[in-house]
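K.L.:
Kindly generate the corresponding structure for this input.
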Amino acid sequence: MRNYLLNGHTEIFGAGKGIIRSFQDFDLCAEPYMKHPKNTIYYFGDLDYEGIGIYENLAEKFRSRWKILPFVPAYQAMLGKAEQINELPETKEHQNRNISTQFFSCFDEIMVKKMEAVLDKDRYIPQEILNTADF
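P.N.:
Down below sits the predicted model:
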C-alpha cells in the first residue's frame, strides 16, 4: 500500500486490530492535511467477522472526526479473485460474530450476497489475496 500512496493516490488504508490504536496515534502525529475532518478514510481488511467487526468499531469510535468507509474496490477485487480459488480458508475459531449491518450497507445487494455466502460457509477472504498489482 505504501507504493500505492507514493504513486500519488491519496486514500488511507488500514487493517488489523491495531488500527484503532494507530488512529489514536494518527491524530497526534499526522500532517494537518492528512487528518482533516473532511477527508474520507477507507478501511480494507480481511473479509471475515473479525475484519467486519474491526471496521464497525473503528467507524463508530472515530465517527465524530472522520467519515470511515469500507474500500469497496478492494472488496470487489477480493471477491473476484476468490471466485478463481477452489477453496477459501476456513474462518478462524472463536471469532466474534456479533456484527451489525453497518459494513454491508456500504455495498450493493449482489456484493452483499457474495460476501454473506463466503461467511455462511465458515470461510473467509484474507486481504493478502490482493497485492499492489491488483490496484
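K.L.:
Now do the helices in the chain.
P.N.:
Along the chain, counting by DSSP state H, helices occupy 2-6, 19-29, 49-61, 72-82, 109-120.
K.L.:
Same question for stretch 56-68: list its buried residues.
P.N.:
Buried residues in stretch 56-68, counted by 16 or more other C-beta atoms under 10 Å: 56, 58, 59, 62, 66, 68. Using the backbone N, CA and C atoms, a C-beta is placed for each residue, glycine as well.
K.L.:
Just the endpoints, please. Distance across that stretch?
P.N.:
End-to-end distance for stretch 56-68, by C-alpha to C-alpha, to the nearest Å: 9 Å.
K.L.:
before we move on, back to that, got the buried residues of stretch 56-68 as CSV, with distance to residue 107 and pLDDT columns?
P.N.:
Listed next are those as CSV, based on distance: C-beta to C-beta, whole Å; pLDDT from 0 to 100:
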residue, distance to residue 107, pLDDT
56, 14, 94
58, 17, 89
59, 14, 92
62, 21, 86
66, 20, 85
68, 15, 91
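K.L.:
Could you give the number of residues near residue 40?
P.N.:
For residue 40, the tally of surrounding residues (other C-beta atoms under 10 Å) stands at 10.
K.L.:
For it, which non-adjacent residue is spatially closest?
P.N.:
residue 67 (4.8 Å; C-beta to C-beta, 6 or more residues apart in numbering).
K.L.:
Provide a list of residues in contact with that neighbour.
P.N.:
39, 40, 41 (C-beta atoms under 8 Å, 6 or more residues apart in numbering).
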